[in-house]
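**Q** I'll drop the sequence and a predicted model, then ask my questions.
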Amino acid sequence: MRSLLAMAALRRHGARTVLAVLGVAVAAAMLLCMVMLSAGLRESFRELLLSRGFQLRLSPRGTLPFDTEATITGATEISRVLRTLPDVTTVSAVLGGQLHVERGGESITSFALGVNPAAQGDYELLSGRDALAPDAMVVNDAFLEATGVQVGDTLDVAAGYNPQLRSYSGERRLVVSGRARFLYLAAGQSAVALRIGTLQAMTGRARNDEVSLFMLRLKDGADVEAVRRWIQGHVPRVDAISTAEAMQRVDERLSYFRQLGFILGAVSLIVGFLLVTTLVTVSVNERVGEIAVMRAMGISRAHVVQQILLEGLAISLAGAVMGLGLGLVTARYLNSILSAFPGLPAAIDFFLFQPRSAWTALGLLVIVGIAAGIYPSWRAATLPIATALHEEAVA
Amino acid sequence: MTLLLGARNLRRDYQLGRGGEVVHAVRGVSLEVEQGEYVAIVGPSGSGKSSLLNLLGAIDTPDQGELTIAGRRIEKLSDRELTDFRLRNIGFVFQRFYLLPVLTARENVELPMAEAGVSRADRRARASELLRYVGLERRERHRPTQLSGGEQQRVAIARALANRPALLLADEPTGELDARTGEEIIALFERLNSDGTTLIVVTHDEGLASAARRVVHMKDGAIVHQEVSRVRAGNDDTGAVPSQK
């Protein structure tokens, strides 16, 4: 009977109830977006970092991977030392650089990665063959589009370019052996990958055996932190960063996103709370006579409280369900805009949907729905019956 | 006869606003009502009739005095106990009917029974029985807005009888009705009383007051006069109130 009365009370002013539900739906959509934003970026980074199974990254001391052009010298010796560690299964050395291709009188610059194709964690081969040969390279779609070449074509590339003199250095003739998707690059950024020895030779970094980064894959169940500490203490000139530590640094850098998400999420909850409280309070005020008569008949305070709480909860739940759908559509749209942010890996999602996000948003809205009914239900339950009836009669 | 209600020296004062004038709505009223009695309380506006009825119906608490209904000392009950007492022992009929517009006639009658924990099947059967008693068996599924004023008041009376109350209180039950419909309600009250219901009615309606066995006159919050209007002989009812206490 309580739920029947609650639903009937909401149906009595159907248009008003629908408007309130829509209002809550908008607040719920915003809340879901903010919950997805606050957790999504971090989770997306974590998934990206772990996507190829590398748990440790070694960068030149005092830098983050590819933060500067600093390099680690003596790479072969360091690789040898790292491979002696019992928990290390794969050592992948990476050198970053640029590659220039002249097409139609213009120099097209691409990001270049020197890797060991057999143990790399930077790209996924989509078609063709990997860059196993010293004169082979894999490229992404942006490179193919910018240069107009196809897989199998041979072209002249250079590691250096002087725009004043329009002269090239470190030139090579390479074959495009395959097409790949680069995991850490921004959408639309032209990129190639070739053997690390080839890129070292082209860029003049072979003499000191320089690399930009090492990525380490460990055995299942290995103590990542212990390995990291050992490397930090025994390998000079490098900083070893675990995925957890990288996430911590990402967290620090993205803390303002979370703060923004928290503030806007809180605002949407407050708006939803005020909306439901106002609607239910107005509804109670319109029914003072009815409520007083119910109490006079012997309907308990608990019954009245439950009925009013149910009204608030029903509005919140209906709004939440609509809002979750609306939030997903909005988040997808916003994600498509923000993913084009310059310098960010294309694989990064700002708004990552996880069932936990939906449950969190729904849970918060249920709490808000119940809280929103507290004041009007308290008001209804504590009505002085005789006074309320007298005032109704006079009115 | 058994004493159903005993009020002794009831007082009720109201303050008009914070720090405002104090109105002595009920001043030392004592009243006894026996089971099966039909009492009308009459008097000019502001004489304290409705305030007294609120006290007798346990929806307001006296500032002073004692009130016993069906053997229970009302002023000693907690709010929860009072609510339960009203649910099971007192039926109310109001001038403005106060049916819940979102419920059908039958659902309105079922409401107090649902609160009392009566099973769905039992309360549905009793609601139908009571609506038949007040002549609205064909209006069970109508909502209040689809009923005339007289019909709404009859549904309200059926609702008041739902939990078989020991005492039925009515505050100006004909106040919102035209003369002919008012007479129908008066007749229904007479029939209820003939069938054993104890009635206390506050009214300006002379017809309704004259139907009562005893008329209590109030003025300035006090009972100034009581009279036995007539002793009704005979019984012209058409059937007892269903399962009345």
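**A** Perfect, I can see it now.
**Q** nearest to chain B: which residue in chain A?
**A** Residue nearest to chain B within chain A (CB to the nearest CB): A:Gly298, separated by 2.4 Å. To be clear about C-beta, it is placed using only N, CA and C from the backbone, and glycine gets the same treatment.
**Q** who's in contact with that residue?
**A** By CB atoms under 8 Å, 6 or more residues apart in numbering or on different chains, A:Gly298 lies in contact with B:Thr83, B:Asp84, B:Phe85, B:Arg86, B:Leu87, B:Arg88, B:Ile90, B:Pro112, B:Glu115, B:Ala116, B:Asn163.
**Q** let's see 7 Å
**A** By CB atoms under 7 Å, 6 or more residues apart in numbering or on different chains, the contact list for A:Gly298 reads B:Thr83, B:Asp84, B:Arg86, B:Leu87, B:Arg88, B:Pro112, B:Glu115.
**Q** could you look up the SS state of the first one?
**A** To tie it back to what came earlier, the one meant is B:Thr83. When classified by DSSP: H, G, I helix; E, B strand; the rest coil, B:Thr83 comes out as helix.
**Q** can you give me the helices for the stretch 1-150 of chain A?
**A** A:2-12, A:14-50, A:75-83, A:141-147 (DSSP state H, counting those that start in this stretch).
**Q** what sits closest to the residue of chain A closest to chain B if chain neighbours are left out?
**A** B:Leu87 (2.4 Å; CB to CB, 6 or more residues apart in numbering or on different chains).
**Q** wait, A:Ala131 sits on A:Leu194?
**A** Yes - at 5.0 Å, A:Ala131 counts as touching A:Leu194 under the criterion of CB atoms under 7 Å.
**Q** now do the shared contacts for the two.
**A** Going by CB under 7 Å, 6+ apart, residues that sit against A:Ala131 and also against A:Leu194 are A:Met137.
**Q** which residues of chain B lie near chain A?
**A** With CB under 7 Å from any CB of the partner chain as the criterion, chain B meets chain A at residues B:54, B:57, B:59-60, B:83-84, B:86-88, B:92, B:94-96, B:98, B:100, B:102-103, B:111-112, B:114-115.
**Q** now, the residues you listed that are in helices?
**A** The helices, defined by DSSP state H, take in B:Asn54, B:Thr83, B:Asp84, B:Arg86, B:Leu87, B:Arg88, B:Leu111, B:Pro112, B:Ala114, B:Glu115 from the residues of chain B next to chain A.
**Q** from those residues, which is closest to chain A?
**A** Nearest member of those to chain A, counting by CB to the nearest CB, is B:Leu87, at 2.4 Å.
**Q** which pLDDT does the model give the closest one?
**A** With respect to pLDDT, B:Leu87 scores 94.
**Q** next one: the one 5 residues further on
**A** For B:Phe92, the pLDDT comes out at 92.
**Q** find the centremost residue of chain B, please.
**A** Nearest to the geometric centre of chain B sits B:Leu169, at 1.4 Å (CA atoms, centre = their mean).
**Q** my guess is that residue meets B:Ile200, correct?
**A** Yes - the criterion here is CB under 7 Å, and B:Leu169 meets it with B:Ile200 at 5.2 Å.
**Q** just for chain B, where's the confidence low?
**A** Applying pLDDT under 70 to chain B flags residues B:229-245.
**Q** grab the longest helix from it for me.
**A** When chain B is parsed with DSSP H, its longest helix is helix B:179-194.
**Q** show me what it is packed up against.
**A** Applying 3 or more CB pairs under 7 Å, 6 or more residues apart in numbering or on different chains; DSSP states H and E, we find helix B:179-194 packed against helix B:149-160, strand B:198-202, helix B:206-211.
**Q** which one of these lies nearest to A:Ser59?
**A** helix B:149-160 (79.9 Å; CB to CB).
**Q** for the helix or strand that the closest one is followed by, C-alpha coordinates in PDB please.
**A** On the C-terminal side of helix B:149-160, the nearest following helix or strand under DSSP states H and E is strand B:167-171. Output of strand B:167-171 as PDB, limited to C-alpha atoms (Å, rounded to 0.1, in the frame of the first residue of the first chain):
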ATOM      1  CA  LEU B 167     -16.300   5.100  18.600                       C
ATOM      2  CA  LEU B 168     -17.200   7.100  15.500                       C
ATOM      3  CA  LEU B 169     -16.500  10.800  15.600                       C
ATOM      4  CA  ALA B 170     -17.800  13.200  12.900                       C
ATOM      5  CA  ASP B 171     -16.900  16.900  12.500                       C
END
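**Q** if we can go back for a sec, from the residues of chain B next to chain A, which would you call buried?
**A** Taking 16 or more other CB atoms under 10 Å in any protein chain shown as the criterion, what is buried in those is B:54, B:57, B:59-60, B:83-84, B:86-88, B:92, B:94-96, B:98, B:100, B:102-103, B:111-112, B:114-115.
**Q** circling back to that earlier point, give the residues shared as contacts by B:Leu169 and B:Ile200.
**A** Taking CB under 7 Å, 6+ apart as the criterion, B:Leu169 and B:Ile200 both touch B:Leu53, B:Leu56.
**Q** other residues contacting stretch A:256-266?
**A** Contacts for stretch A:256-266 (CB under 7 Å, 6+ apart): A:Met30, A:Leu31, A:Met34, A:Val35, A:Leu37, A:Ser38, A:Leu41.
**Q** would you mark the buried spots in stretch A:211-224?
**A** Buried residues in stretch A:211-224, counted by 16+ other CB under 10 Å: A:Val211, A:Ser212, A:Leu213, A:Phe214, A:Met215, A:Leu216, A:Arg217, A:Leu218, A:Ala222, A:Val224.
**Q** cool, and stretch B:69-89?
**A** B:69-70, B:74-75, B:77, B:82-89.
**Q** shaky segments in chain A?
**A** Those would be A:342-343, A:394-395, if you go by pLDDT under 70 across chain A.
**Q** okay, the helices of the stretch 1-150 of chain A in CSV with distance to A:Tyr161 and mean neighbour count next?
**A** Shown next, in CSV, are these (distance: least, CB to CB, whole Å; neighbours: other CB atoms under 10 Å in any protein chain shown):
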stretch, distance to A:Tyr161, mean neighbour count
helix A:2-12, 70, 18
helix A:14-50, 31, 21
helix A:75-83, 25, 16
helix A:141-147, 15, 18
